[in-house]
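Model the following, please.
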Amino acid sequence: MYGITTAAELVGSGPQNLRQYEARGLVNPQRTAGGTRRYSENDLHRLRDIASLLDAGLNLAGVEMVLALRTANSELQAEIDKLAPPAAPRARPPKRQGS
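Prediction:
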């Protein structure tokens, strides 16, 4: 777990950006009893993802949409995986005689 200053340094951003991302619901760090933000490795991964999308030219509204679509896609894929029958094992081709 990392404090906001360390997390910001690790992802190459400023603490104010991390606060803004949290305010927009893009990241949700844990909080200590005293209210200090604590960022996990998963949070850092998400922050790097946000930075990558911003670097690609998206604004924060676009980043929100992309992240929401990715989440929806993952949830739908999980549903498909639950409903799909297990894959049957592939049959091996017969061995050639005399080769």
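
Run through who's touching the longest helix seen in the chain.
Ranked by residue count and defined by DSSP state H, the top helix of the chain is helix 60-83. Residues from elsewhere that reach helix 60-83 (C-beta atoms under 8 Å, 6 or more residues apart in numbering): 20, 21, 24, 25, 26, 46, 49, 50, 53, 54, 58. Where you see a C-beta, it was placed from the backbone N, CA and C, and this is true even at glycine.

and residue 44, what does it touch?
2, 7, 10, 11.

Reduced to three states, what does it come out as?
Secondary structure, DSSP: H, G, I helix; E, B strand; the rest coil: residue 44 is helix.

Could you measure from it over to residue 37?
12 Å (C-beta to C-beta, to the nearest Å).

any residues in contact with both of those two?
residue 7.

hang on, the earlier thing: which of the contacts of residue 44 are buried?
Buried members of those, scored by 16 or more other C-beta atoms under 10 Å, are 2, 7, 11.

Same list (those) but as TSV, adding secondary structure and pLDDT.
Listed next are these as TSV, based on DSSP: H, G, I helix; E, B strand; the rest coil; pLDDT from 0 to 100:
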residue	secondary structure	pLDDT
2	strand	93
7	helix	96
11	helix	95
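
Show me which of those is closest to residue 84.
residue 11 (36.4 Å; C-beta to C-beta).

For the nearest residue to the closest one once chain neighbours are set aside, give me its contacts.
What sits nearest to residue 11 in space, not counting adjacent residues and going by C-beta to C-beta, 6 or more residues apart in numbering, is residue 47, at 4.4 Å. The neighbourhood of residue 47, defined by C-beta under 8 Å, 6+ apart, consists of 7, 11, 13, 18, 21, 27, 39.

any idea how far residue 27 is from residue 78?
22 Å.

And residue 30, how far from residue 3?
Distance, residue 30 to residue 3, using C-beta to C-beta: 11 Å.

Compare those two (neighbour count), which wins?
Using other C-beta atoms under 10 Å, the more surrounded residue of residue 30 and residue 3 is residue 3, with 15 against 11.

What values do phi and psi take at that one?
phi -70, psi 170 (degrees, to the nearest 10).
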